[in-house]
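Visitor: No letters, just coordinates:
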């Protein structure tokens, strides 16, 4: 059974860089065709897909966040990392990592429980 667990600081100051890690267990982030995404939900709003990293290490980003977002991976540790630079209070959200067996599908097969990140001085 594939499980995802997000970790990172719950409080980040404005202008700093947010860094989160998603540890994947029960499966490999290099399994063929899999995509591993970061998704967030700001308070009172819907889910926003931020970007993904594929089984081959290729990255994709949503255009509105591309200039501030970096997704990477450590295959030896089987984890995915999100970095979001120059954060503002508008980046306050619950951040999720999610996995797809087939990156071309419209749904995600695996979800982490989410981690609350608040941007505040």
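Guide: Nice, I can see it. Just so it is clear, the structure is predicted and the values come from calculations on it, not from any experiment. Numbering: from 1, shown residues only.
Visitor: who's residue 115 bridged to?
Guide: Beta-bridge partners for residue 115, by DSSP bridges, are residue 95.
Visitor: and the gap between it and residue 20?
Guide: 7 Å (C-beta to C-beta, to the nearest Å). (Each C-beta comes from the backbone N, C-alpha and C, glycine too.)
Visitor: Tell me the residues that contact both of the two, please.
Guide: 6-8, 95 (C-beta atoms under 8 Å, 6 or more residues apart in numbering).
Visitor: just these now: which is nearest residue 46?
Guide: Set against residue 46, the nearest of the shared contacts of residue 115 and residue 20 by C-beta to C-beta is residue 95 (14.3 Å).
Visitor: my read: that closest one touches residue 37, true?
Guide: No. With contact defined as C-beta atoms under 8 Å, residue 95 does not reach residue 37; the gap is 10.9 Å.
Visitor: can you pull the buried residues of stretch 66-74?
Guide: Residues 68-69, 71, 73 are the ones in stretch 66-74 that count as buried (16 or more other C-beta atoms under 10 Å).
Visitor: Kindly report the same for stretch 75-88.
Guide: 78-82, 84, 87.
Visitor: Would you format those residues as CSV with secondary structure included?
Guide: CSV is the format used below for those (DSSP: H, G, I helix; E, B strand; the rest coil):
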residue, secondary structure
78, coil
79, strand
80, strand
81, strand
82, strand
84, strand
87, coil
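Visitor: re earlier: could you turn the buried ones of the shared contacts of residue 115 and residue 20 into a ChimeraX selection?
Guide: Command for ChimeraX that selects the buried part of the shared contacts of residue 115 and residue 20, burial taken from 16+ other C-beta under 10 Å:
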select :6,95
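Visitor: Save the shared contacts of residue 115 and residue 20 as CSV, and put in distance to residue 102 and secondary structure too.
Guide: CSV is the format used below for the shared contacts of residue 115 and residue 20 (distance: C-beta to C-beta, whole Å; DSSP: H, G, I helix; E, B strand; the rest coil):
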residue, distance to residue 102, secondary structure
6, 22, strand
7, 26, strand
8, 28, coil
95, 23, strand
